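*Asks:* Below is the structure, and that's it, no one-letter string:
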C-alpha cells in the first residue's frame, strides 16, 4: 500500500463539505428520519477527518477515534430510532415541527 | 429608713397597679390609690425637706447601676440638693392638691381609673426627672412626662380633635427632644460622662468661657428646653394641649412639666455659664415669648387658652431670668407660678365644671356672687399672676426684672420688655376676672364646687399669697444675685406697672370709662385682633411651611414612587422572560439552527485566536 | 492512479450525500446514503486505513443502515409521506439552513488554509490499531462498551409498545 499523495487539505475539505451537507440536512428537513440520517453523515465526516489525520502521521490513533465514533453512532441510531417509533405512535407524524410540546 | 426612693416609687407603684387592674378596681380604691400615693409621696418629701433644711447636706443615693457599657455606667441614682427639694415639693405638693381636686372633677368620668393611672405615672416620671443624678435618667423622666402629657391631652380620645392636639403636643416637643438627645450625645462624647456633677466639673476643666463646644451643646439643650417649656418657636402645642382635662392642664401644662425646661437649664447652669451667647439667646427667647404670648392672651376668648398663653408668657419670664443669670429668681418664679397658675387653672376648671363645660368667657359673667370660693381663688390667682404688690408673683417677678435691669448692655431693653409684659399680664388677667365674674350673668351655674375642690383652692390661695416669703434653699446651688445698688426708681416702676395694668383693665372692661370700640371695630383693629387671636399666625406659618409640604410629600409617597423602580424591574424581567421563552419554540430544527449559529460564532472566535 | 481514485471517490461521496439529503422518499435517500458511506470507505482505504474501511462497510453501511431500513419499513410511510416531504422542501426553506451551512463551511476552509502537509498514504496495519486499542486506549474500549450497553437498554425501553399510556392528555 502507499503512494497516495493528495494534500491533507483536500481530504479535510471533503470532510468539511460532508459535515456541512449533514448540517444543512439537519436544519432543512422536518422529517426526523432524515434528521437522523444527516446526523450520520456528520458523524461520518468527523470520522473521516480523524482517519485522515491519523494517516498523515502514520499513527493508529485516528482509527481508534474512528472506532469510538462508530460505537457512538451505533448507540445513537439505536436510541434515535427507538424515539422515532415512539414519536410516530404518539403524534401519528414524523414532522418535528408539530411535535413542539417543549415550547416555552 | 430612707424615704427618698419611696418618693417616685409610690406614685409609680400606684400607676402600675391601676394600669394592670385595667379599671376593675372600685372607685373608692382608685381614689385612695391615686391621690393617696401622691399624698404619701408628698409627706416623704416633706420629711426629706425638713431633714435637708436642718443640715443643708446634699444627699446622693445610688439604687443600682442601670447598665454598664465600658466606662459608661449610668445609675438609677438620685441627687438631692436645694433645687431638687424645691422641685420635689412643688411637684408632690401641688400634685397632691390637684389629685385631690381631680377626685371630684373627674367623678363622673367613665375612665376614672385610667385618669389616675396616667396622673400617677406622670408624677413618678416628673419626680425621676428632677431627682436624677445623671442626664440619662433625667432624659428617661423627660420622655416619661412627654408620654404622660400625650396620654392626658388625648384623654378624651373619642373626640378626634383631642387626639390631634395630643399628637401635636407630642410631635412638637419631639423636635426639641431630638435636639436634646443630640446634646446629650455631644456631651457624652466630649466629657465622657452623663453624671451631672462630674460633668460640670469636667466641663469647667476642659472648656473655657466662650468655646464653641459648650455653645453647641448648650444650644442643643436649649432646644430641648424650648420644646418642653413651650417657648418660641416650639410653643404652639401648649394652647392646643388644653384639650385635656383641666386638672391635667393645671398639673402638667402649668405647674410642673412645662417648667422642666427651666429646671434643665438651671440644673446645667454651669454649662450655660460657659456659653454666654446661648445664655443671651435664652434671655431673648424668653422675652419674645413672653411678649408674644401676652399679646395673644389679650385676644383670646377661651378661658383655658388665655391661661395657656399666660403660662407660656410666665415661662418666658423664667427663661428671661435664666438668660440674665438670675437662676434663683427663675426657680423662685417657677415655684410661685406653680402655685398661682395651678390655682387659676383649678379655679377655671371649677368654673367650667359648674357651667356645663362652658369655655367661652363671653358666655360667662356675674359669677362673683354665685360661686364665691371660685371668685376669690381667681382674684387671688390673678393678683399673683399680675404681680400686684405683696402677692407671691410680685416678689418673684420683681426679682427677675431687677436682675434683667442689672444685666450689662442689653439689660434695660430686657427690663423694658419685661415691664411691658407685666403691664399686659395685668391687663389680660383682670380682663378675664372682670368678664367672667362681674357684669351680667349669661349662664347659671348648676352646682357648687364640693369640699374636694374647695380645699385645694383654699390651700393654693394661701400659697399664692405667702409663697413670696418662702426662702428657698438655693444659695449653695446657684451664684447669688446682688440687687443692692439698684436705682429705687426702677423698683418703683416695676411695682407701679401691674397696678397701672389693673387700672387699665378696670377702665376698659368693667367701668368702661375708656371706650375703644371705635378702634377695635376699625378694619385695622379687627386685623390686629385676628392676628393676635391666632397667636401671631405662627401656627399657620408652621402649617404652611412644614405640615403641608410634609403632607404633600406623604401623599406623594403614598403612591409609592419607589415601587416604580421595582415595577420596572418586574417589567424588565417579564419582558426578557417573554423574549427568552419565545426562543423555546419546541422545534428541533430551530434548536439545531441556533446551535449551528453558536458553532459559527465559536469558530469565528477560534479563528481570531488562532490567527 | 491513486489520486484519481481518491477524487472520484470524493465526488461520489459528495454527490451521493447531496442526493440522499434531498430525496423525498426515505428508502431512496437511504440507498444514496449507503452509497456515500461506501465511497467514504474507499477513501479510508486509500488513506491507508484498511481496518477502518472494513468497519465502515460492515457496521456503518451494513448494520446501522439496516436499522434504518427496518424502521422505515415498520413506519410504512408510503406515497403520502413522499408528497409531504416534497411540499416541505420549498426553496424558501433552504434559505437560512443554506446560509448557515455555507457560513460554517467557509469558516472551516479558513481554518484549513494553513495545512501544507501531504498525506503519505502509508498503511497503518490493523495489528497496530489493535495493539493501540487494547494498550493505551483500553479505557476508550470500556467507555465504548458502556455506551453501547446504554444504547441497548435505551433502545429496548423505547421500543416497547406499552410506553404509550391511554391516560395521556393529548
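*Replies:* Noted; the coordinates are in hand. Because the structure is a prediction, the values reported are computed rather than measured.

*Asks:* Show me which residues of chain B sit near chain A.
*Replies:* Those residues of chain B that sit near chain A, judged by C-beta under 8 Å from any C-beta of the partner chain, are B:580-589, B:592-593, B:596. C-beta: built from backbone N, CA, C; applies to glycine.

*Asks:* switch the cut-off to 6 Å
*Replies:* Within chain B, the residues that sit near chain A (C-beta under 6 Å from any C-beta of the partner chain) are B:581, B:584-589, B:592-593, B:596.

*Asks:* Now intersect the residues you listed with the helices, please.
*Replies:* In helices, defined here by DSSP state H, the members of those are B:581, B:588-589, B:592-593, B:596.

*Asks:* Do any residues in whichever strand or helix holds residue C:99 lie close to chain A?
*Replies:* Taking DSSP states H and E as the criterion, the element that holds residue C:99 is helix C:91-112. Yes. Taking C-beta under 6 Å from any C-beta as the criterion, helix C:91-112 and chain A are in contact, through C:97, C:101, C:104-105, C:108, C:112.

*Asks:* Mind listing what's buried along the one helix or strand residue C:142 maps to?
*Replies:* When elements are defined using DSSP H and E, residue C:142 is found to belong to helix C:138-159. By neighbour count with 16 or more other C-beta atoms under 10 Å in any protein chain shown, helix C:138-159 contains the buried residues C:140, C:144, C:147, C:151, C:154-155, C:158.

*Asks:* Run the chain-centre distance for it.
*Replies:* Taking the mean of its C-alpha atoms, helix C:138-159 sits 19 Å from the chain's own mean (C-alpha atoms, centre = their mean, to the nearest Å).

*Asks:* helices or strands up against that helix?
*Replies:* In terms of contacts (3 or more C-beta pairs under 6 Å, 6 or more residues apart in numbering or on different chains; DSSP states H and E), helix C:138-159 is packed against helix A:61-91.

*Asks:* In the helix it packs on, which residues are buried?
*Replies:* Buried residues in helix A:61-91, defined by neighbour count with 16+ other C-beta under 10 Å: A:61-88.

*Asks:* ok, now stretch B:207-221?
*Replies:* The neighbour-count criterion (16+ other C-beta under 10 Å) identifies B:207, B:213-221 as the buried residues of stretch B:207-221.

*Asks:* In chain A, where is pLDDT below threshold?
*Replies:* Scanning chain A for pLDDT under 70 picks out A:1-3, A:102-104.

*Asks:* what's the helix holding residue C:142 in contact with?
*Replies:* Among residues not part of helix C:138-159, those counted as contacts by C-beta atoms under 6 Å, 6 or more residues apart in numbering or on different chains are A:68, A:71, A:75, A:78-79, A:82-83, A:86.

*Asks:* Output these as CSV; include the columns distance to residue B:309.
*Replies:* CSV is the format used below for the contacts of helix C:138-159 (distance: C-beta to C-beta, whole Å):
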residue, distance to residue B:309
A:68, 102
A:71, 103
A:75, 99
A:78, 101
A:79, 96
A:82, 98
A:83, 94
A:86, 94
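
*Asks:* Tell me the one of those residues nearest residue C:7?
*Replies:* Out of these, the one with the shortest distance to residue C:7 is residue A:68. That distance is 28.5 Å, counting by C-beta to C-beta.

*Asks:* Run through the residues that contact the closest one.
*Replies:* Contacts of residue A:68 (C-beta under 6 Å, 6+ apart): C:140, C:144.

*Asks:* Tell me the helix or strand right after the longest helix belonging to chain B.
*Replies:* Ranked by number of residues, the top helix in chain B under DSSP H is helix B:160-191. Using DSSP H and E, the helix or strand that directly follows helix B:160-191 along the chain is helix B:196-206.

*Asks:* For that following helix, buried residues please.
*Replies:* Using 16+ other C-beta under 10 Å as the burial criterion, the residues of helix B:196-206 that qualify are B:196, B:199-200, B:202-203.

*Asks:* Which one of those residues is nearest to residue B:167?
*Replies:* Nearest to residue B:167 among these, with distances taken as C-beta to C-beta, is residue B:196, at 31.8 Å.

*Asks:* Next one: that closest one from chain A, what distance?
*Replies:* 72 Å (C-beta to the nearest C-beta, to the nearest Å).

*Asks:* how near is that residue to residue B:360?
*Replies:* From residue B:196 over to residue B:360 the distance is 45 Å, taken as C-beta to C-beta, to the nearest Å.
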